[in-house]
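Visitor: Fold the stuff below for me.
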Amino acid sequence: MATPREDDGMSPEISLWEPFPFYGHAHRTLYVNNNGVVSFGAGVPEFTPEPFPVAQRPLLAPFWADVDTTLGGTVFYRQSRQPALLARLARDIGTAVPSPGPPPTWAFVATWDHVTFFGAATKKVNTFQAVLATNGVTSFVMFNYGTISWTTGIANQGNPHTGLGGTPAQAGFNSGDPAHYAVLPGSRSPRVPNIARGSNVGVPGRWIFRVEGDIVTPGPPDVPPGDVTPDDVTPNDVTQGPPNHSTQEMVYLCH
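Guide: Numbers count the residues shown, from 1 in each chain. Prediction:
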């Protein structure tokens, strides 16, 4: 399935085959929003990323920014119980997370494939992805990043030729309460493209979170010298892994 090819568009409300536990609430529906967000309870047409935490807005934001698929790119999504996909997820989660529990029995994959930004006067595109996985008890979110070449649309004072400047994209997740959220290093700053080189699980361009309860940041953090400074990371940030331009983002591509 794909979302409508429109600015600030979104999928219809999607009924999930299995409830997805997310910080104490088992969600049964979600929306895939063109502006780089998977949300629970309501769609997110807003093109300006809000700083986390945001009250009463549970959402996952692999790259919350002003995407415009009328100018390029497609947003795909699917849910799956395909054994090969679940086995790959179990392997990837198991190598990254100590004691991850029973393997997932369901997954949801949303991919923003070569999308551009509102007001673009350039061919710059971004590709990124959110993968949700659960066995009904434990649940995980995986963010995968391919190319990240722009950060901002012109409605947020971005440059139409570079896709930079203004209010850059936000990346992370928000439970809807003031305590549980994560912000990837560089979010809402010019350094947000570095998420495609960083990791919290040792795979460049990949970030994994356990999200049914308290935040789990798996794997030993490795912050390259000069890549992230203390001023770039807030107390709720996760940490950035070794820089590398490779990625496994395409493994879960869903079209």
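Visitor: where along the stretch 101-250 of the chain do the strands fall?
Guide: All strands of the stretch 101-250 of the chain, identified by DSSP state E, counting those that start in this stretch, fall at 106-115, 126-134, 139-148, 170-174, 181-183, 206-210.
Visitor: for the second one, packing partners?
Guide: Packed against strand 126-134, as judged by 3 or more Cβ pairs under 8 Å, 6 or more residues apart in numbering; DSSP states H and E, are the following elements: strand 14-22, strand 59-64, helix 83-96, strand 106-115, strand 139-148. For glycine as for every other residue, the C-beta is placed from the backbone atoms N, C-alpha and C.
Visitor: pLDDT score for the nearest residue to Val183 once chain neighbours are set aside?
Guide: What sits nearest to Val183 in space, not counting adjacent residues and going by Cβ to Cβ, 6 or more residues apart in numbering, is Gly172, at 4.1 Å. Looking at Gly172, its pLDDT reads 95.
Visitor: Now for Gly172, how many residues are close by?
Guide: Other residues lying near Gly172 total 28 when counted by other Cβ atoms under 10 Å.
Visitor: need the contact list for it.
Guide: Phe52, Ala61, Tyr181, Ala182, Val183, Leu184, Ser187 (Cβ atoms under 8 Å, 6 or more residues apart in numbering).
Visitor: now it: how far from Ser149?
Guide: For Gly172, the distance to Ser149 equals 20 Å [Cβ to Cβ, to the nearest Å].
Visitor: and if you look at Thr48?
Guide: Counting by Cβ to Cβ, the gap from Thr48 to Ser149 is 20 Å.
Visitor: what do you get for Val115?
Guide: Applying Cβ to Cβ, the value for Val115 to Ser149 is 11 Å.
Visitor: Quick check: pLDDT value at the residue positioned nearest the centre of the chain.
Guide: In the chain, the residue lying closest to the centroid (Cα atoms, centre = their mean) is Pro62, at 1.7 Å. pLDDT recorded at Pro62 is 97.
Visitor: so it touches Ala169, yeah?
Guide: No - assessed by Cβ atoms under 8 Å, Pro62 is found out of contact with Ala169, at 9.3 Å.
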